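Colleague: Here you go, sequence then predicted model.
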Amino acid sequence: MTSETERPAHVLLAVSGSVAIHRGLDLVRELDRHGVDVTVLMTEAACKLVRPLLFQAMTRRRVHHDLFSAEGEDPYDHLAREADLMVFAPATADLIGRLAAGLGDDVVTTTALAFSGPRILAPAMNWRMWEHPFVQRNVGVLRDAGYRIVGPGEGDLACGERGPGRLAEVEEILAAALEALPGKPPRPGSH
Ligand SMILES: Cc1cc2nc3c(=O)[nH]c(=O)nc-3n(C[C@H](O)[C@H](O)[C@H](O)COP(=O)(O)O)c2cc1C
């Protein structure tokens, strides 16, 4: 039996319905390579873009995407208590708005409300959405509430235009996550 301090780091990765969702898979792989346990939470829109099974196969853990299908368990309660860090990547304009409003209307936002540890948010969207005053206001609310905002970067966007809104590089999100997990040992056997 390992003590609390010997337990490997455990990250809750919340994935929302962005075209950059495939980079969430890269992030899972990198966190895993660094010996971090990852449990993925998906919004309904994320599940329309990628099947939860893919994240489940990569994490070897159950993926939580339906608040009301949890067989006898409250993911938002026990996961929020167990995890060391919550990472929202990619974070859509919609998810950012719901988090900033303090809503708990799905498994991601409800868990976010129940979680009191460090939080990292990596936005991804079209540059017009990113520059929208409501989105900027919502990001400001989350920053003021202690969320670390990583990115977005500038460059070619899925819409075919260039500008700010590109999901930060996976290495950048990974570095922020590892920085937020001080003193946590990697899972035995990882490198
Ligand atoms: C193919 C596709 C890609 C999308 N990419 C983005 C995106 O990168 N960023 C964003 O804010 N919304 C994006 N959207 C719109 C969101 O999926 C939509 O606002 C949805 O309601 C978000 O829900 P969620 O925040 O619960 O995941 C995309 C929609 C589609 C169909």
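Modeller: In hand now; what should we look at? Since we're looking at a predicted model, the values are computed, not measured.
Colleague: Now do the phi/psi pair for the most centrally placed residue in the chain.
Modeller: When C-alpha atoms, centre = their mean is applied to the chain, the residue found nearest the centroid is Phe88 (2.4 Å). Backbone torsions for Phe88, taken as degrees, to the nearest 10, come to phi -110, psi 100.
Colleague: That one reaches Ala14, doesn't it?
Modeller: Yes - with contact defined as C-beta atoms under 8 Å, Phe88 and Ala14 form a contacting pair (4.6 Å). All C-beta atoms are positioned from the backbone trio N, CA, C, and that covers glycine.
Colleague: list the residues that contact both of those two?
Modeller: Each of 95, 108, 112 lies in contact with both Phe88 and Ala14 under the rule C-beta atoms under 8 Å, 6 or more residues apart in numbering.
Colleague: got the residues of this structure near the ligand?
Modeller: The interface of the chain toward the ligand, taken as C-beta under 6 Å from any ligand atom, is made up of 16-20, 43, 45-46, 92-95, 124-125, 129.
Colleague: if we go to 5 Å?
Modeller: Taking C-beta under 5 Å from any ligand atom as the criterion, the neighbours of the ligand within the chain are 16-19, 43, 45, 92-95, 124-125.
Colleague: mind listing which of the residues you listed are in helices?
Modeller: Counting by DSSP state H, the residues of the chain next to the ligand place 45, 93-95 in helices.
Colleague: Spell out, range by range, the helices that occur in this structure.
Modeller: Secondary structure of the chain by DSSP H: the helices cover 21-33, 44-49, 52-59, 75-82, 93-100, 107-114, 127-131, 133-144, 170-179.
Colleague: Reformat those helices as TSV; add mean neighbour count.
Modeller: Shown next, in TSV, are the helices of the chain (neighbours: other C-beta atoms under 10 Å):
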stretch	mean neighbour count
helix 21-33	19
helix 44-49	17
helix 52-59	16
helix 75-82	17
helix 93-100	22
helix 107-114	22
helix 127-131	16
helix 133-144	15
helix 170-179	19
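Colleague: Just put those helices in CSV and tack on mean pLDDT.
Modeller: Converted to CSV, these look like this (pLDDT from 0 to 100):
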stretch, mean pLDDT
helix 21-33, 96
helix 44-49, 98
helix 52-59, 96
helix 75-82, 82
helix 93-100, 98
helix 107-114, 96
helix 127-131, 94
helix 133-144, 98
helix 170-179, 97
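Colleague: Contact partners for the residue nearest to Ala177 when sequence neighbours are not counted?
Modeller: Among residues not flanking Ala177 along the chain, Val87 sits closest, at 5.7 Å (C-beta to C-beta, 6 or more residues apart in numbering). For Val87, the set of contacting residues under the criterion of C-beta under 8 Å, 6+ apart consists of 11-14, 27, 119-122, 173, 177.
Colleague: rerun that using 10 Å as the cut-off
Modeller: Residues near Val87 by C-beta atoms under 10 Å, 6 or more residues apart in numbering: 11-15, 24, 27, 31, 38, 118-122, 148, 150, 173-174, 176-177, 180.
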